[in-house]
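Asks: Using only what follows, build the 3D model:
(chains A and B)
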Amino acid sequence: MIEVEHLRKEFKRIIKDPGLSGSIKALFHPKYEIIPAVEDISFQVPAGEVLGFIGPNGAGKSTVIKMLTGILTPTSGTCTINGKNPTADRKKYVKEIGVVFGQRTQLWWDLPLRETYGVLKEIYEVPEERYRERMTMLNEVLEMDSFMASPVRTLSLGQRMRADIAASLLHSPKVLFLDEPTIGLDVVVKNNIRKAIQQINRTEQTTVILTTHDISDIELLCSRIVMVDKGKKVYDGSLETLKNKYGTMRELSFLPEEAQPFSSEAFLKALPLSAADYTFSEENGRMHLRFNSEKMPVKDLLSFTLSHCSAKDIAIREADVEEIIRRLYREGVQPDE
Amino acid sequence: MNKLLRQYWPFTVAGVQSTLMYSVNILFFSLSEVLYCFVMFYLWQAVFAASGGDSFMGFDMNDMVVYLFMSNATAYLTASAADEMIADEIKDGSISMRLLKPVNFTASILSMDLAGPMVMFFVVFLPMTAGVEIYRGVQCGCVMFDPLHFSLYLVSALIAYLLSFYQNMCFGFLAFYVTNLWGMGILKKILLKFLSGAVIPLAFMPPVLREVLRLLPFSSLSYTPVMLYMGKLSLQESLISFGLQAFWLVAFILFCRLIWKCAIRRLSVQGG
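Replies: Sure, this is the predicted structure:
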């Protein structure tokens, strides 16, 4: 059980005037500005849930994760995980959690992978038998056999990430924090990792909190999502609701044939959609039309466009997470429930 | 105890590995330090020649040679890179990985830092001490090596290392506030070298300054162990010196704990 209440984190930044004189001034008379990275975020996660924590870059996701894992102290507010305050008794607390930061490794850089796990076994005091069982299981799910003997620094990103996830699960944590665990990975490895997360969640009721930019991660893993933007929570609820509400947006983009003059005004005028259900923009001669596919199915819109003008290089894109967030933030949605 | 050893030994192994990775660096660095010793040797020889006497404040030229080389060897044995380690980890954010392990922060840094003196003991200290003893032996035509003084020296040097470690930890925690410690680190090193008597024996300093420096923690880092090695301290003086070393060690351990409690709240982990 994770309870987060009115969490807030501020960072202090030195304001520097431009140029050399500005640098010198900042040296003697530093002026600070306070930047709130996280403002008043509250949510709860029951045990055994997989929570997707999403938001655009710089939204404050990682800052929240860092506070939940106990490596950052909140400016105000509290987080309680299984009745523990992460910063109060760090040593005891981190024994119960597993953490993977996609951008960093917790493995010993110069040691062969197998030895790294030996080290972690001692640090986390995993009994010999339990350790062997665990390694067999993780090895099976994450397919690490081929690089078990290689030093960590020689591993590829995909191998390293799998190894890191195995490392975070070695001591059977109750809560698993994954900060962009699939960043920069190919489809096969992504699948591998998702499978591992699913299995651990299902068989051990491990609570998982993961941040990601990959919508398939969310679709396959998360039963619920919390969305943040600019340090504030903008959505908290199931993925289904979100998709029904906002996932129906599609983007059609096309390049009008040069031979034929194309008038966007005439095009939009003929378009059988009300103004609330679409947005239109033009970029380097390319037309972008975002529309609500519930109001007008994709195939209808396509045939409409093709009958209206001769277009080439047509593309249709599903709304991605960033798009949904942008919409959500603009429209200021109340959390459902 | 056994459990502790198993938990922290891997940090020491990692430390030794990274120390050895820079073995060429160590080699050239030691070479430059030995050269520095010889420069100081000729300098002091000139000083002794100019002063006309055989001895100066209870030191003759042979003592001076032993002092110079042994204080250098001691500097190797008691060197701690804890401050740089903390500063680096804060700068690149990898400190978060250390904080996420269920280990004591200071203890994990200590077991990693310990690798330095362990390597230095064999690579630099033993050869240098052997050289000094051979020189002393040839000069007087007898064996000058004293096992009792040597044991006292080792104990004192161990305390000196721990003192140097905790003092470096305290300094390293400054990195929580300023993120870049490099400039201050150099200033600290040079000041310490002078105040600990590694450049000029404290015995040569003006009486008031000498007494003040003796009481301060700096003399415990180099002057005390070297004087013990040379057998220049009476029993009473030895006891007082050990007492002072122990006092400062405890003081710095407590100080270090206090700063850690404040600093950890200030920590801002950089990068993704």
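Asks: quick one: the strands in chain A?
Replies: Secondary structure of chain A (DSSP state E): strands located at A:2-15, A:31-45, A:50-54, A:76-81, A:97-101, A:175-179, A:207-211, A:224-229, A:232-238, A:249-256, A:278-283, A:286-292, A:311-318.
Asks: Hmm, I typed the wrong one, I wanted the stretch 1-150 of chain B.
Replies: Ranges of strands within the stretch 1-150 of chain B are B:55-56, B:59-60, based on DSSP state E, counting those that start in this stretch.
Asks: would you list these in CSV and tack on distance to chain A?
Replies: For every residue, glycine as well, the C-beta is placed using N, CA and C. Shown next, in CSV, are the strands of the stretch 1-150 of chain B (distance: least, Cβ to the nearest Cβ, whole Å):
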stretch, distance to chain A
strand B:55-56, 46
strand B:59-60, 45
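Asks: Out of the ones you listed, which is closest to A:Lys12?
Replies: Within the strands of the stretch 1-150 of chain B, the stretch nearest A:Lys12 is strand B:59-60; the backing value is 53.0 Å (Cβ to Cβ).
Asks: Tell me who's in contact with A:Gly60.
Replies: Residues counted as contacts of A:Gly60 (Cβ atoms under 8 Å, 6 or more residues apart in numbering or on different chains) are A:9, A:37-39, A:41, A:228, A:230-231.
Asks: Including distance to B:Ile190 and neighbour count, could these go into TSV?
Replies: As requested, the contacts of A:Gly60 are exported to TSV (distance: Cβ to Cβ, whole Å; neighbours: other Cβ atoms under 10 Å in any protein chain shown):
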residue	distance to B:Ile190	neighbour count
A:Lys9	39	23
A:Ala37	39	21
A:Val38	43	28
A:Glu39	46	18
A:Ile41	48	24
A:Val228	49	26
A:Lys230	47	15
A:Gly231	45	23
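Asks: Quick one, which of the strands of the stretch 1-150 of chain B gets closest to A:Pro30.
Replies: Per Cβ to Cβ, nearest to A:Pro30 of the strands of the stretch 1-150 of chain B: strand B:59-60, 49.3 Å.
Asks: For B:Ser105, give its distance to chain A.
Replies: Let me fix one detail, which is that residue B:105 is Phe and not Ser. The gap separating B:Phe105 from chain A is 8 Å, by Cβ to the nearest Cβ, to the nearest Å.
Asks: Next: B:Leu249.
Replies: 24 Å.
Asks: show me the contacts for that residue.
Replies: Here B:Leu249 is in contact with B:159, B:162-163, B:166, B:220 (Cβ under 8 Å, 6+ apart).
Asks: Apply 7 Å and report the result again.
Replies: Applying Cβ atoms under 7 Å, 6 or more residues apart in numbering or on different chains to B:Leu249 gives the contacts B:159, B:162-163, B:166.
Asks: Specify which member of these is nearest to chain A.
Replies: Nearest to chain A among these is B:Tyr166, at 19.7 Å by Cβ to the nearest Cβ.
Asks: and the top helix by length along chain A, C-alpha only, in CSV?
Replies: Longest helix in chain A by number of residues (criterion: DSSP state H): helix A:187-204. Taking Å, rounded to 0.1, in the frame of the first residue of the first chain, the C-alpha atoms of helix A:187-204 are listed here in CSV:
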residue,chain,number,x,y,z
VAL,A,187,10.7,-4.8,-29.5
VAL,A,188,11.9,-8.2,-28.5
VAL,A,189,13.6,-7.0,-25.3
LYS,A,190,10.7,-4.7,-24.5
ASN,A,191,8.4,-7.8,-24.7
ASN,A,192,10.8,-9.8,-22.5
ILE,A,193,10.8,-7.1,-19.9
ARG,A,194,7.0,-6.7,-19.9
LYS,A,195,6.6,-10.4,-19.5
ALA,A,196,8.9,-10.4,-16.5
ILE,A,197,7.0,-7.5,-14.9
GLN,A,198,3.7,-9.2,-15.5
GLN,A,199,4.8,-12.5,-14.1
ILE,A,200,6.3,-11.0,-10.9
ASN,A,201,3.1,-9.0,-10.4
ARG,A,202,0.9,-11.9,-10.9
THR,A,203,2.7,-14.6,-8.9
GLU,A,204,4.0,-12.4,-6.0
